[in-house]
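> The following comprises the amino acid sequence and a computationally predicted model.
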Amino acid sequence: MNTMTNIQTITAKLLINGQFVESTTSEWQDIINPATQEVVGRVPMATPDEVEAAINAAQDAFKSWRLTPIQARMRIMLKLQDLIRDNMKEIAHVLTTEQGKTLADAEGDIQRGLEVVEHACSIGTLQMGEYAEGVARGVDTYTLQQPLGVCAGITPFNFPAMIPLWMFPMAIVCGNTFVLKPSEQDPLSTMMLVELAVQAGIPAGILNVVHGGKDVVDRLCTHQYIKAVSFVGSTAVGTHVYNLAGQHGKRVQSMMGAKNHVAVMPDANKEQTLNALVGAAFGAAGQRCMALSVAVMVGESKNWIHDLVEKAKMLSVNAGHEPNTDIGPVISKRAKARVVELINSGVEEGAELLLDGRDVEVKGYENGNFVGATIFNHVSTDMRIYKEEIFGPVLSIICVDTLEEAIELINANPFGNGVGLFTQSGATARTFQNMIDIGQVGINIPIPVPVPFFSFTGSRGSKLGDLGPYGKQAVQFYTQTKTITSRWFEDTQEAGEVNTTISLR
Ligand code: NAD
């Protein structure tokens, strides 16, 4: 894997028909280390001809791949999970360099994707159809889960390992071919995983990669050969992709932005709860789609706010490669400016700033895009810090008197990605899980991302499309159910009467 040796000199390659090639484009973008501003590589904006070549390669390869036995597809995934495990540390190093998160978190990013590859190894049973014998005299009905054709995936910067691995392994193991468009901000770790996929034995044309921005994405959403588009990213772009690809007859899933709440009951285990809140709000510098944005303190739990702030003050802000770092930099100067601007708006709109991370200084990394842990109290639902996804280490606190008020508040928020409840009462937890209108619920778990035998089930404003990534829903997304109703005549069977009714006899 040449990308591992000297990442200073790297250009992100395209993968077209089994060949890693340098783009011929004149448009390139720097890949920047968010802790130092050093340029660590360059990414091309692929030309229309290159995108066309990638899609055509996938279209040609589908003809034979869809007929490749399930076990052969599965064995490639078995090999891939082995290779990812062996190369985990090197990929994590590159991921931290280009994305900023801590090394431990980078390994977590890869690990969560690796688990999807492991699940793809069970496709033999996951992709089975159904069979009903004797639905009429001599008639059987059964279903086939058939691959769709060429599928496309468009991924965000915040999980450059996990999210590409949500997509291409499941699509390919189901018998589809794939064109991946990684985030242009941190494509190098994604490309290392793609190299491993090729090394694992994915034949030419089955997996292709193009880099770029809006032009490339729009081409994928509108091309006649693309049958399905998986998108993960911001709400604005996700809505655009959903509409454009939908208008062009594609099957689409768009996993988008979030504003995740945790409700804290006064009977909760205080230390466990506060530790969980701090980790979920500030880990990965708040750049997780499942990061905690709003703590809803119910009743007397409002008395814990002081201790929550004290715990957040202990977090160490530093480059992701440094030992004991809790909060790394945010992805870009632009992202930092936006987070700071939103914090300013919170102050101007009257929220109480209990902890201010705007002016944090990190010795040795003075140019890094750092924002320290920031906490606001007395936040109201009309403030920008409540309404907008901040995607930085900023926690808003709202105090309410009852569980019912907390549920009403959370259900009124348009997003529906994740929510948590901290309590020691089973009855309270049961009421909450039943009444809350959010797709992923954690009970004493602050970031309830389901493991890959389930599916990612964000809902409402955080998702467009019915089926989520990975798990059984991904198998449904990447396959078309075909229903066969069949009757076989005995050669000796006598001709019956003409039947003009709809029913089978
Ligand atoms: P983004 O929307 O800016 O970019 C996502 C992808 O879209 C990238 O590949 C990018 O190149 C492409 N893109 C950007 N602008 C485009 C345009 N105008 N037209 C077409 N394509 C375009 O998102 P991001 O900043 O990379 O990622 C952060 C966002 O992703 C956050 O909102 C976060 O909540 C969300 N996210 C959601 C989930 C989820 O499962 N719901 C998971 C991870 C991240």
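Yep, it's here.

> Flag every residue of the stretch 401-505 of the chain that's near the ligand.
Listed as neighbours of the ligand in the stretch 401-505 of the chain under the rule C-beta under 6 Å from any ligand atom: 417, 456, 458, 462. C-beta here means a position set from N, CA and C on the backbone, and glycine is covered the same way.

> let me redo that: the chain
Checking the chain against the ligand by C-beta under 6 Å from any ligand atom, the hits are 154-159, 181, 183-184, 213-214, 217, 232-234, 237, 240, 255-258, 289, 389, 391, 417, 456, 458, 462.

> Filter those residues down to the buried ones.
154-159, 181, 183-184, 213, 217, 232-234, 237, 240, 255-258, 289, 389, 391, 417, 456, 458, 462 (16 or more other C-beta atoms under 10 Å).

> Walking through the stretch 151-300 of the chain, point out its helices one by one.
162-173, 187-199, 214-222, 235-247, 270-282 (DSSP state H, counting those that start in this stretch).

> Of those helices, flag the one that's most buried.
Ranked by mean neighbour count under mean count of other C-beta atoms under 10 Å, those are led by helix 162-173, which reaches a mean of 28.

> Tell me how many other residues crowd Gln29.
17 (other C-beta atoms under 10 Å).

> got the angle for the one helix or strand it maps to vs helix 187-199?
Taking DSSP states H and E as the definition, Gln29 sits inside strand 28-32. Orientation check (axes from the mean of the first three to the mean of the last three C-alpha atoms, to 10 degrees): strand 28-32 against helix 187-199 gives 100 degrees.

> Partner strands of strand 28-32, with direction?
The strands beside strand 28-32 in its sheet (DSSP bridges) come out as strand 39-44 (antiparallel).

> Next, the angle helix 214-222 makes with the partner strand.
Using the same axes, to 10 degrees: strand 39-44 against helix 214-222 is 50 degrees.

> who's in contact with strand 39-44?
Contacts with strand 39-44, where a contact means C-beta atoms under 8 Å, 6 or more residues apart in numbering, come from 7-12, 14, 22-23, 25, 27-33, 97-98, 184, 187-188, 211-212.

> rerun at 10 Å
With contact meaning C-beta atoms under 10 Å, 6 or more residues apart in numbering, strand 39-44 is reached by 3, 7-14, 22-33, 50, 94, 97-98, 182-188, 191, 210-213, 216.

> Return a ChimeraX selection command for the buried portion of those.
In ChimeraX syntax, the buried subset of the contacts of strand 39-44 is picked out as below (16+ other C-beta under 10 Å):
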select :3,7,10,11,12,13,14,23,25,28,29,31,32,33,50,94,97,98,182,183,184,185,186,187,188,191,210,211,212,213,216
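
> what's the nearest residue to the residue nearest to the spatial centre of the chain if we skip its chain neighbours?
In the chain, the centroid-proximal residue (C-alpha atoms, centre = their mean) is Ile163; its distance is 4.3 Å. Residue nearest to Ile163 in three dimensions, not counting chain neighbours: Thr155, with 4.6 Å by C-beta to C-beta, 6 or more residues apart in numbering.

> Next: Asn275.
Lys311 is the one closest to Asn275 (C-beta to C-beta, 6+ apart), at 7.0 Å.

> Was I right to think the one you found contacts Val278?
Yes. When contacts are counted by C-beta atoms under 10 Å, Lys311 is listed as touching Val278 (4.8 Å).

> who touches both of the two?
By C-beta under 10 Å, 6+ apart, the residues touching both Lys311 and Val278 are Ala373.

> Same question for the helix or strand encompassing the residue nearest to Asn275: list its buried residues.
In this structure, Lys311 is located in helix 305-313 according to DSSP H and E. Residues of helix 305-313 classed as buried by neighbour count (16+ other C-beta under 10 Å): 305, 308-309, 311-312.

> buried set for the very next helix or strand once past that helix?
Sequence-wise, the next helix or strand downstream of helix 305-313 (DSSP H and E) is helix 333-348. Buried residues in helix 333-348, counting neighbours by 16+ other C-beta under 10 Å, are found at 335-336, 338-340, 342-343, 346.

> again with stretch 291-298
Quick answer for stretch 291-298 (16+ other C-beta under 10 Å): 291-298.

> Restricting to C-alpha, output it in PDB.
Extracted as PDB, the C-alpha positions of stretch 291-298 are listed here (Å, rounded to 0.1, in the frame of the first residue of the first chain):
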ATOM      1  CA  ALA A 291     -22.900  13.800  18.800                       C
ATOM      2  CA  LEU A 292     -24.900  15.200  21.800                       C
ATOM      3  CA  SER A 293     -26.000  18.800  21.100                       C
ATOM      4  CA  VAL A 294     -28.700  19.400  23.800                       C
ATOM      5  CA  ALA A 295     -28.800  18.200  27.400                       C
ATOM      6  CA  VAL A 296     -32.300  18.400  28.800                       C
ATOM      7  CA  MET A 297     -32.000  18.400  32.600                       C
ATOM      8  CA  VAL A 298     -35.300  17.200  34.200                       C
END
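
> Surely Glu195 is in contact with Lys13?
Yes. The pair Glu195 / Lys13 is scored as a contact, 9.0 Å apart, by C-beta under 10 Å.

> mean confidence for stretch 224-237?
For stretch 224-237, mean pLDDT is 98.

> and that stretch, how far from the chain's centre?
12 Å (C-alpha atoms, centre = their mean, to the nearest Å).

> Ok, stretch 260-270 next?
26 Å.

> now do the same end-to-end measure for that stretch.
Start-to-end span of stretch 260-270 (C-alpha to C-alpha, to the nearest Å) is 20 Å.

> Quick check: buried residues in that stretch?
In stretch 260-270, counting by 16+ other C-beta under 10 Å, buried: 260-266, 268, 270.

> and which of those is nearest Gly283?
Asn260 (12.6 Å; C-beta to C-beta).

> got the contact list for the closest residue to that closest one other than its chain neighbours?
Leaving out its chain neighbours, the residue that sits closest to Asn260 by C-beta to C-beta, 6+ apart is Gly418, at 4.5 Å. Each residue near Gly418 by C-beta under 10 Å, 6+ apart is listed here: 258-262, 280, 288-293, 438-442, 445-449, 456-459, 462.

> From what I see, Glu118 and Met77 are in contact.
Yes. Judged on C-beta under 10 Å, Glu118 makes contact with Met77 at a distance of 8.0 Å.

> Same drill for those two, tell me which one is more crowded.
Met77 (25 against 18).

> by contact count, what packs against the helix or strand containing that one?
Secondary structure from DSSP H and E places Met77 in helix 70-86. Judged by 3 or more C-beta pairs under 10 Å, 6 or more residues apart in numbering; DSSP states H and E, helix 70-86 is in contact with helix 103-120, helix 123-126, helix 162-173, helix 187-199.

> Just the buried positions in the second one, please.
By neighbour count, with 16+ other C-beta under 10 Å as the criterion, the buried positions of helix 123-126 are 123, 126.

> could you point out which element follows that helix?
That would be, after helix 123-126 and using DSSP H and E, strand 131-136.

> average model confidence for that following strand?
The model assigns strand 131-136 a mean pLDDT of 96.
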